[in-house]
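Participant: How does the following fold in three dimensions:
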Amino acid sequence: MEPRSLAHTHLTNTRPQVSTRLLPLFFVMVIMCYVDRTSLAFAAIQLNADLGFPPAVYGMGSGLFFLGYSLFQIPSNLLLRRVGGPTWLAFIIFAWGLAASAFAGMHTATHFYVLRLVLGVAEAGAFPGMWYMLTKFFPGDQLAFPFAVVEAGISLSHVLAAPLAAACLSLDGLGG
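Facilitator: Prediction:
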C-alpha cells in the first residue's frame, strides 16, 4: 500500500471518532462563547445600574472586546500552527475561562475595559482554530456537515442565552 493511500485509510477510519469526540466539544465551545457574548447585552442595564456605569462604558467595553478579538486572530493562528491545535485550543479555553471568571471581581470601568479586551484576545483564536482542526480531519468535500454542526451551536446559543440570562438576573445578587 502506498503511503498516501495508507494515510487516507487512516483518516477515513479516524473520522467517526473525530465526529463523536471533537464535534460535540466544538459545539459546546461555540454555545459557551456566544452565550457569554449575548449575556452581556442582557446584563447591560443591571450592570450599568449596579456599578454606576454610563451607557458609554458598556459601548466602549463592547468595542474593546472586538478590538482584541480582531487584532489577535492572526497571532493566535500562528501560535496554533506552532504549538498544535489541541494544545492551543485547550489554552484558549483556559484563558477564556479565567478572563470570564475575573468579571466576578469587577468594580470599575477600567476593570471592565481591561477584562473585555483580555476576553477578546483570549477568544480570538477559538473559531479559526476549530476550523483549522476540522480541515485536518475532513477533506474539503466533507466539511459541510462538521461546519454546520459548529455553526448550529451559534443558533442554539441564542435560544439558550435569553432564559439563562433572565435566570441569572433574577438571582439579584444571591450567592455573590
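Participant: pLDDT score for A124?
Facilitator: According to the prediction, A124 has pLDDT 94.
Participant: Please tell me how far the closest residue to it other than its chain neighbours sits from V118.
Facilitator: Of all residues not flanking A124 in the chain, F72 sits nearest, at 3.8 Å (Cβ to Cβ, 6 or more residues apart in numbering). C-beta here means a position set from N, CA and C on the backbone, and glycine is covered the same way. Going from F72 to V118 by Cβ to Cβ, to the nearest Å gives 10 Å.
Participant: Over to A152?
Facilitator: Taking Cβ to Cβ, one finds A152 at 28 Å from V118.
Participant: Comparing the two, which shows the higher neighbour count?
Facilitator: V118 (19 against 13; other Cβ atoms under 10 Å).
Participant: so what's the more buried one up against?
Facilitator: Each residue near V118 by Cβ atoms under 8 Å, 6 or more residues apart in numbering is listed here: G68, A99, A102.
Participant: ok, the second one - how many residues close by?
Facilitator: Other residues within reach of A99, judged by other Cβ under 10 Å, total 21.
Participant: now P75
Facilitator: Using other Cβ under 10 Å, P75 is surrounded by 12 other residues.
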